[in-house]
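Engineer: when you get a sec, could you give me coordinates for this:
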Amino acid sequence: MRVAIIAEVFLPKIDGVVMRTMRLLEHLSEAGDEVVVFCPHAEDCQHPSIRTVSFPSFPCVAYPEYRIGVPSERLIEVIREFAPDVIHFLNPFAFGFRCHDVLARHRISIPTVFSFHTLYGEFVKQYPVLRKLSRPLWHLTRSYHNCADVNLTVSSILRAELEQRGFERVRTWPPAVDTQLFQPKRQSESMRYRLTSGEPDTPLLLTVSRLAVEKNVDFLAKVIERFPGARLAIVGDGPDRARLERRFAGSKTTFTGYLRGQELAQAYASADLFLYGSETETMGNVVMEAMASGLPVLAPAAGGIPSLMQDGESGVLYCPGDVDAAQTSLAKLLGSVELRRSLGSRARSHVERCGWRASTEEVRRRYQEAMETLDAAREQRRVASRCSSLAVSSLVFAFRSASWLQRSWRSSSSPLATQPSQA
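Structural biologist: Alright, predicted model coming up:
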């Protein structure tokens, strides 16, 4: 089939959504499908083997790695020329919703699938200035998703929550992990030496995360206070890194920045335990990667994480925000090598059946389901409410204005800008 993917985030950004997108593209190509990707422009955004159409973009002030794309009439030209059987809006928000509006304005009636990967309405609560946007964002997201022929989300728990919130036609995109890349055999002495800053014999805790406020990495600083003999390695990067480095100063913590491929797999396999703090995961790709690596996981019972593991069997869950509970569970895990091995082994066994090929085949079945939708039903719900469309336009305008103001301020405060002319 011919598939158009409208990606809210894409290369070169590194996060779970981009990783899932890349896996989807890989397996769609293997299945013989023709694919074109529409995405915000960034340096190195072009996929090496998939046609990529990028649009002008600007960085979000609060999170520069997230670029907000601005679709143009070129979207219509390429869609008409490519004539896709289905359009997949992957994690749509500012860019994706505006692309949807452009298509609707031109009365492009093609089967659509939306997939939900980010709890936008929840993680804004982590930013005091944005908390009041939570309810409007949920309303906005639901309004657009309910225009789709099929909605996907990545865990059974999130599917139930979305349905409770009024999202329609919701299906599950099964979780998946590369068990060939992430496996216990990747253990590396040199990687452990690196992660422990030269103290490989000390207990090693690992977390892998985008370093942003909503990922709740701060919580881990409180958890490890009772364990001065253990080391924590934080793999990842993001807008909150500088502040987090100050927060963890004085503790035995190593910041590695981003790791990829074999290096990332070695990091998982070389640690003793995976410790996680995020409470807004729709699924938790890094949790699955840790499980595939045979690593016992200690994580909050929040978001989609409980759908991945059974507490006490293939991992340990603690009550979100409960430092004492997390510390108690961590003490038990650090105190028993046998318990860690048992949990890690069962975790590995649990995810071995979660392959990307089967996961992608389920997505392809949902594409077929969308294609079988009656044209009259699609026409009835094709256009988002006028209010929602105006809200998206206003958000993009606000983001763009903030970005312009930030660039102007930086330019005016630059030393070069304040130097007298030499003419």
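Engineer: please count neighbours and contacts with C-alpha atoms only from this point.
Structural biologist: OK.
Engineer: what ranges do the helices span in the stretch 201-350 of the chain?
Structural biologist: When secondary structure is read from DSSP state H, counting those that start in this stretch, the stretch 201-350 of the chain shows helices at 218-223, 241-247, 261-270, 285-292, 323-334, 337-351.
Engineer: list the buried ones in the fifth one?
Structural biologist: If I follow you right, that is helix 323-334. Along helix 323-334, these residues count as buried under the neighbour rule (16 or more other CA atoms under 10 Å): 323, 326-327, 330, 333-334.
Engineer: buried residues, the lengthiest helix in the chain. List them.
Structural biologist: Ordering each helix of the chain by length in residues (DSSP state H) puts helix 386-413 first. Judged by neighbour count (16+ other CA under 10 Å), helix 386-413 contains these buried residues: 388-389, 391-392, 396, 399-400, 402-403.
Engineer: show the pLDDT at the residue lying closest to residue 350 once chain neighbours are set aside.
Structural biologist: Excluding the flanking residues, the one nearest residue 350 by CA to CA, 6 or more residues apart in numbering is residue 314, at 7.4 Å. pLDDT, residue 314: 92.
Engineer: so what's the backbone phi/psi at residue 314?
Structural biologist: phi -120, psi 10 (degrees, to the nearest 10).
Engineer: you'd agree it is up against residue 340?
Structural biologist: No - contact criterion CA atoms under 8 Å: residue 314 and residue 340 do not qualify, at 10.0 Å.
Engineer: how far off centre is the longest helix of the chain?
Structural biologist: How far helix 386-413 lies from its chain's middle: 23 Å, per CA atoms, centre = their mean, to the nearest Å.
Engineer: what mean pLDDT does it have?
Structural biologist: 73.
Engineer: okay if I get the buried residues of helix 386-413 as TSV plus distance to residue 235?
Structural biologist: What follows is those, written out as TSV (distance: CA to CA, whole Å):
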residue	distance to residue 235
388	37
389	38
391	36
392	34
396	31
399	29
400	31
402	30
403	28
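Engineer: out of those residues, the closest to residue 139 would be?
Structural biologist: Comparing the buried residues of helix 386-413 against residue 139 with CA to CA picks out residue 388 as the nearest, at 8.4 Å.
Engineer: what about the closest residue to that closest one other than its chain neighbours, distance to residue 88?
Structural biologist: Computed as CA to CA, 6+ apart, the closest residue to residue 388 that is not its neighbour in sequence is residue 140, at 5.7 Å. Residue 140 is 18 Å from residue 88, where distance means CA to CA, to the nearest Å.
Engineer: who's more crowded, these two?
Structural biologist: residue 88 (24 against 21; other CA atoms under 10 Å).
Engineer: mind listing what's buried along the strand or helix carrying that one?
Structural biologist: For residue 88, the element it lies in under DSSP states H and E is strand 86-90. Neighbour-count burial for strand 86-90 flags 86-90 (criterion: 16+ other CA under 10 Å).
Engineer: now the element after that strand, going C-ward?
Structural biologist: In N-to-C order, the element after strand 86-90 by DSSP H and E is helix 94-105.
Engineer: return the list of helices and strands in contact with that following helix.
Structural biologist: With contacts taken as 3 or more CA pairs under 8 Å, 6 or more residues apart in numbering; DSSP states H and E, helix 94-105 sits against strand 2-7, strand 67-69, helix 74-82, helix 386-413.
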